[in-house]
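Novice: Just the structure for this:
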Amino acid sequence: MIVAVTMNPSVDISYPLNRFKFDDVNRVESVSKTAGGKGLNVARVIAQMKEDVICTGVVGGTIGDYIVQQLDGRHIRNDFLRIESESRNCIAILHEGMQTEILESGPTLSEQEGIAFLEKFEGLITSASLVTISGSLPKGLPTHYYCKMIEISHKKGKRVIVDSSGESLKQVLMHEKKPFAIKPNTAEFSQLMGFEVEAEIIDLKRTLSHKIFEGIEWIVVSMGSKGAFVKHGTDYYQVTIPEIDVVNPVGSGDATVAGFSVALNRNQNVATVLKTAMTTGMLNTMEAGTGYINKNKFKQYFDFVKVEKID
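Specialist: A predicted model of the protein is given here:
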């Protein structure tokens, strides 16, 4: 079983408009509302890959109820810490080929709620084979909170994949106990290092040899249409993908984490792990919905992914 963690989930609301009128009334005929958050996207794709998964994190209020209802409706198991404060909405206004986003920050957790979730987390991962931690932390939790979750996972002998950014990722990498894998994109990678990381093999190899990455088994740097550059142990790989028709790139990184997790959970070889990760990422990009893939296209696009070991 894979445990997919989303500490600050949301209801993602999409408002499509022909034209966005400022300082005026905008009427919307069709509205899309889905349970959102990076870890929930991961879980949806894992479930579509027919792997056992359970979602956890923190939800509250009527918005939290809606998130749970959405997951239940898709038969995705979940066990959240319930709090009184309201979970957040994230609004995307789609207009004239652009996307304007209004993102609520979400609830502020108390110290006691933070402790309560760690206790729940420790119980949940007892029967887990793999843990994914995705996205940002809610307000009120310290930036080293993910480090505590990794410590608990180490104690239980569980592998952890972290897909976060900014200070919370930096804290994870500076901590004594390391995650099993991380998956930054090039922008997050550059932000982490404090300089623009060029997508050149020699530059990427040099950067990934930095001592901050010591002890991490897998580092997958996703590069959009250019595929990914990967460090596994002491080996380096370049992964290339075919040209595809992009419908909605949002959530493709989460789908990549999902495919990566599924293949690792099935104890597949390096090439299959990387090809599975890239394929689920691509398939998400080809769908309008976030965190959705067309499983019928999996083998076709899997065969087009190329994995090359770099000396």
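Novice: what's the nearest residue to the spatially most central residue of the chain if we skip its chain neighbours?
Specialist: The C-alpha lying nearest the average C-alpha coordinate of the chain belongs to Asp254 (C-alpha atoms, centre = their mean; 3.7 Å). Of all residues not flanking Asp254 in the chain, Asn41 sits nearest, at 3.6 Å (C-beta to C-beta, 6 or more residues apart in numbering). In short, each C-beta sits where N, CA and C put it, glycine included.
Novice: now the strands for the stretch 1-150 of the chain?
Specialist: 2-6, 10-17, 32-36, 53-60, 77-78, 81-83, 88-95, 98-103, 130-134 (DSSP state E, counting those that start in this stretch).
Novice: Tell me, how many residues neighbour the residue lying closest to Tyr66 once chain neighbours are set aside?
Specialist: The shortest distance from Tyr66 to any non-neighbouring residue, by C-beta to C-beta, 6+ apart, is to Val11 (5.6 Å). Burial of Val11 is recorded as 21 neighbouring residues (other C-beta atoms under 10 Å).
Novice: ditto for the one 4 residues further on
Specialist: Residues within reach of Tyr15, counting by other C-beta under 10 Å, total 19.
Novice: Could I get the pLDDT score of it?
Specialist: Tyr15 is assigned 91 on the pLDDT scale.
Novice: do the same with Ala199
Specialist: The predicted local confidence for Ala199 is 67.
Novice: and what of Arg74?
Specialist: Arg74 carries a pLDDT value of 94.
Novice: Out of the strands of the stretch 1-150 of the chain, flag the one nearest Glu198.
Specialist: Comparison of the strands of the stretch 1-150 of the chain against Glu198 by C-beta to C-beta identifies strand 130-134 as nearest, at 26.4 Å.
Novice: Report the angle between the closest one and strand 53-60.
Specialist: 40 degrees (axes from the mean of the first three to the mean of the last three C-alpha atoms, to 10 degrees).
Novice: Please state the mean pLDDT value computed over strand 130-134.
Specialist: Mean predicted confidence for strand 130-134 is 97.
Novice: Can you name every helix or strand that it contacts?
Specialist: Secondary-structure packing of strand 130-134 (3 or more C-beta pairs under 8 Å, 6 or more residues apart in numbering; DSSP states H and E): strand 2-6, helix 38-48, helix 145-156, strand 159-163, helix 252-265.
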